[in-house]
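Student: Predicted coordinates and the sequence they were generated for:
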Amino acid sequence: MKKSTKNANLFSLDSMPRKKGKSKDEVYGKIESYLHPNGDMTMYVKPLSVNKAWKGKRFKTTSYKNYEKALLFSLPPYPIPKGFLSIRFCFGFSSILSDFDNPVKLITDILQKKYKFNDKLIRHCVIQVYIVEKGNEYFNFNISPYVNQ
């Protein structure tokens, strides 16, 4: 895979100014990229974790606790394959303003708690979104063995 020569010059993290006590991984210079012939874009930077994205501890809201409790009680038995996983989500939102990825982490966490699997085993995810009438919101999921393609 050939990296873009246009963006090939990276700043040295050692030479970049940063506040006293800040680690190198919190400072980003120019990031290399590559536009593949098929339209895929690769950015050569480690994806930022949710834990690194927010300051302080996050606490579950009462709404989330109630939602989690209701789903844990309502989700029927579901077979989880062994090994790496592929997951498909289909969301029916009533608002066109809903972000497609907002419920992914929350629902994944609830599913792994209910079905006792580790989400680090998920290697493939497909997310589909549909707009539905208010009151007809839903989510659908399918967890299958990951087949490396």
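Tutor: Cool, got the structure.
Student: Now do the domain split for this structure, please.
Tutor: Per automatic domain parsing, the domain ranges recorded for the chain read 1-58, 79-145.
Student: how about the ones you listed, which one is nearest Tyr64?
Tutor: When those are compared by CB to CB, domain 79-145 sits nearest Tyr64, at 6.9 Å. To be clear about C-beta, it is placed using only N, CA and C from the backbone, and glycine gets the same treatment.
Student: which residues does the nearest residue to Ile122 once chain neighbours are set aside contact?
Tutor: Distance criterion CB to CB, 6 or more residues apart in numbering; nearest residue to Ile122, sequence neighbours excluded, is Leu85 at 4.9 Å. Leu85 makes contacts with 117, 121-124, 143-146, as judged by CB atoms under 8 Å, 6 or more residues apart in numbering.
Student: Dig out what Leu85 forms beta bridges with.
Tutor: Using DSSP bridges, the bridge partners assigned to Leu85 are Ile122, Pro145.
Student: So which residues of the protein form helices?
Tutor: 50-53, 62-74, 102-115 (DSSP state H).
Student: From Asp119, how far off is the closest residue to His124 other than its chain neighbours?
Tutor: Nearest residue to His124, sequence neighbours excluded (CB to CB, 6+ apart): Ser86, at 4.0 Å. Counting by CB to CB, to the nearest Å, the gap from Ser86 to Asp119 is 12 Å.
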